[in-house]
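Visitor: this one's structure only:
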């Protein structure tokens, strides 16, 4: 699909699947691996706590997810998170019905004085429920 440079184009899920099927036929590439990496853009409240049992009750950071994947997530936090550390993530169950998970912080970048973009990789893959049209923002 030819797109002019500088314009952002969004594809529907069925278009992505068709393109991945075509890619698999042309390049002998496993499309299932690419499908497993697809992200869902969804804003969900998440509470971040250290995974250490002793420190878990002493501090918590309230964040909002930006992208969700089976393997991890990206979120915006009001303060930095230690890269390489293990954290306990608890989602707002009314927004996302996923049990609390353990995750390793693999990136933390400063957006401004009060916002940090943080990326976590889950210790085990998580089944992210499909997004209903009224829940996408």
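Guide: Right, received. Where do you want to start? None of these values were measured; they are calculated from a predicted model.
Visitor: Quick one: list the elements packing against the lengthiest strand in the chain.
Guide: Ranked by residue count under DSSP state E, the longest strand found in the chain is strand 101-112. With contacts defined as 3 or more CB pairs under 8 Å, 6 or more residues apart in numbering; DSSP states H and E, strand 101-112 has these neighbours: strand 72-77, strand 86-91, strand 115-122. The C-beta positions use only the backbone N, C-alpha and C, and glycine is treated the same way.
Visitor: Ok, which of those comes nearest residue 45?
Guide: Residue 45 lies closest to strand 86-91 among the helices and strands packed on strand 101-112, at 7.2 Å (CB to CB).
Visitor: Tell me which residues of that closest one come out buried.
Guide: 87-89, 91 (16 or more other CB atoms under 10 Å).
Visitor: Sheet-wise, list the partners of the longest strand of the chain with their directions.
Guide: strand 86-91 (antiparallel), strand 115-122 (antiparallel) (DSSP bridges).
Visitor: looking at this, residue 14 is in a strand?
Guide: No - counting by DSSP: H, G, I helix; E, B strand; the rest coil, residue 14 is not part of a strand but helix.
Visitor: Show the model's pLDDT score for it.
Guide: If you check residue 14, the pLDDT there is 70.
Visitor: Can you spell out the domain ranges of the chain, please?
Guide: Under the assignment automatic domain parsing, the domains of the chain span 12-38, 42-133.
Visitor: Which among the strands paired with strand 101-112 is found nearest to residue 17?
Guide: With respect to residue 17, and counting by CB to CB, the nearest of these is strand 115-122 at 23.8 Å.
Visitor: How about that closest one, which residues are buried there?
Guide: So strand 115-122, judged by 16+ other CB under 10 Å, has buried residues 116, 118-120, 122.
Visitor: what's the weakest-modelled helix or strand in this structure?
Guide: Sorted by mean pLDDT, DSSP states H and E, the helices and strands of the chain end with helix 31-36, the least confident at a mean of 52.
Visitor: For the chain, which residues score under the pLDDT cut-off?
Guide: The chain contains residues with pLDDT under 70 at 1-13, 23-37, 130-137.
Visitor: try 50
Guide: 1, 29, 31, 133-134, 136-137 (pLDDT under 50).
Visitor: Cool, thanks, talk later.
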